[in-house]
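Asks: Pasted the sequence and its predicted model underneath.
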Number of protein chains: 2
Amino acid sequence: MNAPASMIRLTTQRQIILEELSKVTSHPTASELYDMVRKRLPRIGLGTVYRNLELMAESGMILKIEVGGTQKRFDATTDEHYHIRCSVCGRVDDIDVPVVKELVAQAKESSAYMIQGHHVEFTGICSDCQKKQH
Amino acid sequence: MNAPASMIRLTTQRQIILEELSKVTSHPTASELYDMVRKRLPRIGLGTVYRNLELMAESGMILKIEVGGTQKRFDATTDEHYHIRCSVCGRVDDIDVPVVKELVAQAKESSAYMIQGHHVEFTGICSDCQKKQH
DNA sequence: TTACTAAATGATAATCATCATCAATTAACA
DNA sequence: TGTTAATTGATGATGATTATCATTTAGTAA
Ligand SMILES: [Mn+2]
Ligand SMILES: [Mn+2]
Ligand SMILES: [Zn+2]
Ligand SMILES: [Zn+2]
């Protein structure tokens, strides 16, 4: 009698993708995650990784970080926080700068947009790359 | 006697690309700019547009905006300012929120990175897209 | 347990943005 | 005006992401 409820299944693929992402703080790309997951599920497809990361990001379980660089990155830490990207090697780290709540308030006043959120991306050179610059 | 100075030429292509970018405040993508420029230079190649946008961005004449969305965007306004992107249609607008200089100072204290800069990207729904949501 | 079915997967192809290559053209300058 | 290295336009290559679809499977109920 009810309309068929669209079921979201708990597949092994999904669980392992989330587990592997939760293990690291490196903000891996989809294909980095694919390599990590393949050690436990050698037959998983790259498309499955993309599909599930997208789904989990939409549902708010994880964060999709779209910053500079060519690939999107993912983050199991969903607390609001900022990032810094190395302009040499592209790595992305968390940065411990407190979130500025006033920014969203100011944005609401000065824009006709319906504001949803904000993100701050710092750029710089990571310590590894600083050393390598002879 | 001097080492041959690598000459940067003032080509018509370069001038027109910069002129067209300066006309708008819409943060066009490379292919949007290609369409704009082609009206005046029908034989220009898309590669030329990419090449020159990259060059101008490196030299600081223009800004390359790498935010959410699939394509990079370009900006003739080089003063430090923040942007807002519509999560529905992807358009990018300037937002009149004052730049927070303290952010970089704080980042320098709390990170081993050599900090180069920062950018704030707000997300929201633009007024056009608000209307269309029946 | 078993059977049913819609959701999900894995393999593969398609798409899209960007970059690389290279012969032909051209801006700068002697 | 001739020389030459920088640049262009055409084209192909690359890399990331998305779409397609036959096959598999999680969830459910008999
Ligand atoms: Mn993070
Ligand atoms: Mn701008
Ligand atoms: Zn680095
Ligand atoms: Zn919009």
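Replies: Cool, got the structure. Numbers count the residues shown, from 1 in each chain, chains lettered A, B, ... in the order given. Ligands and ions are numbered 1, 2, ... in the order given.
Asks: got the residues of chain A near ligand 2?
Replies: Within chain A, no position lies close to ligand 2 (Cβ under 5 Å from the ion). Where you see a C-beta, it was placed from the backbone N, CA and C, and this is true even at glycine.
Asks: near chain B at all, the least confident helix or strand in chain A by mean pLDDT?
Replies: Scoring the helices and strands of chain A by mean pLDDT, DSSP states H and E places helix A:127-132 at the bottom, with a mean of 92. Yes - Helix A:127-132 lies within reach of chain B by Cβ under 8 Å from any Cβ of the partner chain, at A:S127, A:Q130.
Asks: Which parts of that helix count as buried, going by neighbours?
Replies: A:C129 (16 or more other Cβ atoms under 10 Å in any protein chain shown).
Asks: Distance from it to the middle of the chain?
Replies: On the basis of Cα atoms, centre = their mean, to the nearest Å, helix A:127-132 sits 24 Å off its chain's mean C-alpha point.
Asks: so what does whichever strand or helix holds A:L18 touch, helix or strand wise?
Replies: Here A:L18, judged by DSSP states H and E, is contained in helix A:12-23. In terms of contacts (3 or more Cβ pairs under 8 Å, 6 or more residues apart in numbering or on different chains; DSSP states H and E), helix A:12-23 is packed against helix A:30-38, helix A:46-58.
Asks: tilt between it and helix A:30-38?
Replies: Angle between the axes of helix A:12-23 and helix A:30-38 is 110 degrees (criterion: axes from the mean of the first three to the mean of the last three Cα atoms, to 10 degrees).
Asks: Report the buried residues of helix A:12-23.
Replies: Neighbour-count burial for helix A:12-23 [16+ other Cβ under 10 Å]: A:Q13, A:R14, A:I16, A:I17, A:L18, A:E20, A:L21.
Asks: between the residues you listed, which is closest to ligand 3?
Replies: Nearest to ligand 3 among the buried residues of helix A:12-23 is A:L21, at 21.5 Å by Cβ to the ion.
Asks: Let me know the pLDDT of the closest residue in space to that closest one that isn't next to it in sequence.
Replies: Among residues not flanking A:L21 along the chain, A:A76 sits closest, at 4.6 Å (Cβ to Cβ, 6 or more residues apart in numbering or on different chains). For A:A76, the model assigns a pLDDT of 97.
Asks: how deep is the closest residue to ligand 2 within chain A tucked in, by neighbour count?
Replies: Going by Cβ to the ion, ligand 2 is nearest to A:S111 of chain A, at 13.2 Å. Residues near A:S111, counting by other Cβ atoms under 10 Å in any protein chain shown, number 19.
Asks: now it, nearest residue through space, not along the chain?
Replies: Using Cβ to Cβ, 6+ apart, the nearest residue to A:S111 is B:I95, at 5.3 Å.
Asks: next one: A:R85
Replies: In space, A:R85 is closest to A:V92, 5.0 Å off (Cβ to Cβ, 6+ apart).
Asks: now do A:Q71
Replies: A:T29 (4.1 Å).
Asks: mind listing what A:C129 touches?
Replies: A:C129 makes contact with A:C86, A:V88, A:C89, according to Cβ atoms under 8 Å, 6 or more residues apart in numbering or on different chains.
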